[in-house]
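Novice: Sequence first, then the predicted structure, then my questions.
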Amino acid sequence: MGIESVKRRGKAYDAKIESKDQRWHCRNRITLVFGSNDIEDLDTYVYGSHSVEFKTVKFHQAKSKAIEEILDNCIDEYYRGNVTEIHTSLSEDKKTVVIEDNGIGFPLNKIASVYSEFRTGSKFKDEEVDKKGFLHRTLGQNGLGAAATCLTSDIFKVRVRHYNSKKEQEYRFIDGALKITKTHKKPFSGHSGVRVELVLAKEVYKDNTIDEELLKKRILDLAYNNPGLTFYFNSEKFQFKKGPFELAEYIDPLTAQSFGSFVYVYDTVGGKGKNLKGQIDISLSFTLDKLSDDRERFISFVNSSPTFDGGFHQDRVRRIFINAIKEKLERAAKKEKINIIDNDILTGLTFVLGIIMPNPRFESQTKRKLVRDPFLDKALEQFMNSNLDKFFRKNKEYLELVLGRGKLRHRFQELKDAAKKGKKQNKKRIEKLLDANERKNRSKCTLFICEGDSAIGGLRSARNKLYQGGIALKGKPMNVSQASIKDILDNKEFSDIMASIGLTIGEPADLEKMRYSKIVFLADSDVDGGHINTLLTNFFFTFWPELFEQHIICIAKAPLFEVITDKGTVYLESPELLEEFKASTTKKIKEIQRNKGLGEMSAQAYKYVLNKEVYTVITTNEMSESKKMLEICFGKDTSLRKELLLDTRDNE
């Protein structure tokens, strides 16, 4: 079916077709060449006097790229073996930038076209090789950068000292090369190379001042990426020897480590069937902040250009690293019944990755994001796999940290699920609870957690029914340090205790909503009773340590002896106290009754215990130390308990 004709009303006006020269197009469409011409927020890092600071900076992509293009030309000459020093200076008013190298320059009759015409340069041949037959590694491949900087500058002065001809010449490009003047060619003395002095066009960039901090950052980045090459910025010298690893050391000297360096050589075939060789250099280092909750940071460079937006190289390194860690910890994770996720592995890590390769391909002229390269893919895979075993041997603590994060996250999820289930449990009727009768002001109420049903019987008759409640344990309570959250929730005794008080696992204690303001452990005065008290302490401290800070958790010491005298009954809690009493009393002792447990206590002894105004409060001066001690006493690692017992014996 053909296209139908369209009936149009009135006269149709033709579009006006114009042709613009490259100067107009570059100045008015600068974003096509250098990226955004507006100020944007960029999450990056800057160099302080003694450290690297990660922060959000105000970043002008186009201005930054305009200056970088001139610096990149110097780096390309370094890659070709022609440059050992690069000098940069910024004027006091932050508008004039001077960049000079000591390379070999280039033929003087090409100066005008190199800096004022697009598609002019020396690096278009992707198959050009060096003296050893390897493909050149370079940054500038399109013949756009330096010319675009010149065409968008108010002043652009170039002095080229050509090593081979022994002549120098200077060109002045004014107002985006609208006006061009030049000096006569003449012999020079001293070093050869290229010197560029420029002031960006205010008309194009709106504000033509240069951010000194970010310019210095770019120069330092170049210095770290090109060990041995000497840089000067405003006469300050920068030269490094260890490459990106030295940058990692500057970020964090305590945790910086080199994952490895690698040289990958490959064979390829050119467009006309010509056999070619390529070389890819890779360097990767890490820093690790164990206390950080921040996601990973990636500082990456390709041929010294910062890849702010990442790309293939970052994604590939990250994925190989993650998969290797997961595989390494697979057995341990399965044993702990947890799964390791990416964030468990990456949190707190900073990757510093440097790559130098032939013909890198970026998404745009700004070179902020690298696209996939099949040779780089193979190089990264070989590099990572060849260094992982060494990394594992050196970083056992890090692997434990990752596993610990997985456990913590799993525990947190269990607590969230427990909170939902616990709220439902709190609404049920508790059969074993001997509740206090006070309804309006529950802050006056005390709950006694007793050992055994016989103990609750004595409590029933001796208590103040209005303010004192009780609940009985059946045997020793569960060791929560070696139990899952599900097991704890399914444990009827702990479930009843939580419901009685108004506590929910996974949620902090709400003191205003709690049904009791004091929780008192009442167990036999023997070893088993002491064990019960510590297991209860472990339970409450594991889930509600704040109760200990509020002095809510207490122990009531039951009297082991009831001493009947001519002047009444005395209650004593230990054999030592009994002997002291015997030695010092003037009262006549009629009878000494020893209570094997709470069930044998008299009604008067119960009243003595329950009528105490103050109980032994369980307090903690240092939360982390208390947690550590409970882990030693109740955790799965039995060796820690053995060490504690041996230390105790040695100190006796």
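Specialist: Noted; the coordinates are in hand.

Novice: low-confidence ranges in this structure?
Specialist: Applying pLDDT under 70 to the chain flags the ranges 1, 119-131, 138-143, 271, 365, 414-427, 621-652.

Novice: In it, which residue is most central in space?
Specialist: With distances taken as CA atoms, centre = their mean, Gly348 lies nearest the centre of the chain, 2.4 Å away.

Novice: Now do the nearest residue to that residue once chain neighbours are set aside against Asp453, distance only.
Specialist: Ranked by CB to CB, 6 or more residues apart in numbering and with sequence neighbours excluded, the top spatial neighbour of Gly348 is Ser292, at 3.8 Å. Yep, even glycine has a C-beta here, placed from its N, CA and C like the rest. As for Ser292, its distance to Asp453 is 52 Å (criterion: CB to CB, to the nearest Å).

Novice: now Gly105
Specialist: 99 Å.

Novice: who has more neighbours, the two?
Specialist: Gly105 (26 against 12; other CB atoms under 10 Å).

Novice: secondary structure element for that one?
Specialist: Using DSSP states H and E, Gly105 sits in no helix or strand.

Novice: what residues are up against it?
Specialist: 160-163, 168, 192-194 (CB atoms under 8 Å, 6 or more residues apart in numbering).

Novice: Output those residues as CSV; include the columns secondary structure, neighbour count and distance to Lys567.
Specialist: Shown next, in CSV, are the contacts of Gly105 (DSSP: H, G, I helix; E, B strand; the rest coil; neighbours: other CB atoms under 10 Å; distance: CB to CB, whole Å):
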residue, secondary structure, neighbour count, distance to Lys567
Val160, strand, 27, 115
Arg161, strand, 25, 114
His162, strand, 22, 118
Tyr163, coil, 16, 115
Glu168, strand, 22, 118
Ser192, coil, 20, 113
Gly193, strand, 24, 109
Val194, strand, 25, 110
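
Novice: need those in a markdown table with distance to Ser285, can you?
Specialist: A markdown table is the format used below for the contacts of Gly105 (distance: CB to CB, whole Å):
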| residue | distance to Ser285 |
| --- | --- |
| Val160 | 38 |
| Arg161 | 38 |
| His162 | 39 |
| Tyr163 | 36 |
| Glu168 | 42 |
| Ser192 | 35 |
| Gly193 | 32 |
| Val194 | 33 |
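
Novice: circling back to that earlier point, backbone phi and psi for the residue nearest to the centre of the chain, please?
Specialist: Phi and psi for Gly348, reported as degrees, to the nearest 10, are phi 80, psi -10.

Novice: begin at 29 from here
Specialist: Got it, the first residue is 29 from now on, which makes the last one we talked about Gly376.

Novice: Distance-wise, check it relative to Leu357.
Specialist: The gap separating Gly376 from Leu357 is 17 Å, by CB to CB.

Novice: Could you pull out the strands in the stretch 29-178 of the chain for me?
Specialist: 67-75, 80-88, 113-118, 124-129 (DSSP state E, counting those that start in this stretch).

Novice: Nearest approach to Leu431 belongs to which of these?
Specialist: Shortest distance between Leu431 and those, using CB to CB, is found for strand 80-88: 26.9 Å.

Novice: That closest one packs against which elements?
Specialist: Counting contacts by 3 or more CB pairs under 8 Å, 6 or more residues apart in numbering; DSSP states H and E, strand 80-88 is packed against strand 67-75, helix 240-253, helix 272-279.

Novice: which residues sit against the shortest one?
Specialist: Defining contact as CB under 8 Å, 6+ apart, one finds that helix 272-279 is touched by 73, 75, 79-80, 249, 252-253, 255, 268, 270, 284-286, 311-315, 327, 329, 378, 380-382.

Novice: Please spell out the ChimeraX selection for the buried subset of these.
Specialist: Of those, the buried ones can be selected in ChimeraX as follows, counting by 16 or more other CB atoms under 10 Å:
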select :73,75,80,249,252,253,255,268,284,285,286,311,312,313,314,315,327,329,378,380,381,382
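
Novice: Go through the contacts of helix 272-279 and flag which are in strands.
Specialist: Residues of these located in strands (DSSP state E): 73, 75, 80, 285-286, 311-315, 327, 329, 378, 380-382.

Novice: between those, which is closest to Glu240?
Specialist: Glu240 has its nearest neighbour among those in Tyr75, at 11.7 Å by CB to CB.

Novice: returning to what we had before: need the winner for burial among the helices and strands packed on strand 80-88.
Specialist: The highest average neighbour count among the helices and strands packed on strand 80-88, using mean count of other CB atoms under 10 Å, belongs to helix 272-279 at a mean of 23.

Novice: and that helix, how far from the chain's centre?
Specialist: Mean C-alpha position of helix 272-279 versus that of the full chain (CA atoms, centre = their mean, to the nearest Å) differs by 17 Å.

Novice: Kindly calculate the angle that it makes with strand 80-88.
Specialist: Helix 272-279 runs at 100 degrees relative to strand 80-88, counting by axes from the mean of the first three to the mean of the last three CA atoms, to 10 degrees.

Novice: Could you spell out which stretches of the protein belong to which domain?
Specialist: Domain ranges of the chain: 46-269, 281-453, 458-679, per automatic domain parsing.

Novice: gap between the two ends of the longest one?
Specialist: Domain 46-269 has its terminal residues 54 Å apart, counting by CA to CA, to the nearest Å.

Novice: gap between it and the chain center?
Specialist: Counting by CA atoms, centre = their mean, domain 46-269 comes out at 35 Å from the chain centroid.

Novice: before we move on, what about stretch 370-383?
Specialist: From the chain centre to the centre of stretch 370-383 is a distance of 8 Å (CA atoms, centre = their mean).

Novice: do stretch 337-357 as well
Specialist: 15 Å.

Novice: neighbouring contacts of that stretch?
Specialist: By CB under 8 Å, 6+ apart, stretch 337-357 touches 312, 324, 326, 328, 330, 335, 361, 368, 370, 373-374, 379, 381, 383, 390-391, 396-401, 404-405, 408-409, 412-413, 416, 420, 427, 430-431, 434.

Novice: Buried residues, it. List them.
Specialist: Neighbour-count burial for stretch 337-357 flags 339-342, 344-346, 348-350, 352-354, 356-357 (criterion: 16+ other CB under 10 Å).

Novice: Could you do stretch 543-560 as well?
Specialist: Buried residues in stretch 543-560, counted by 16+ other CB under 10 Å: 543-553, 557, 560.
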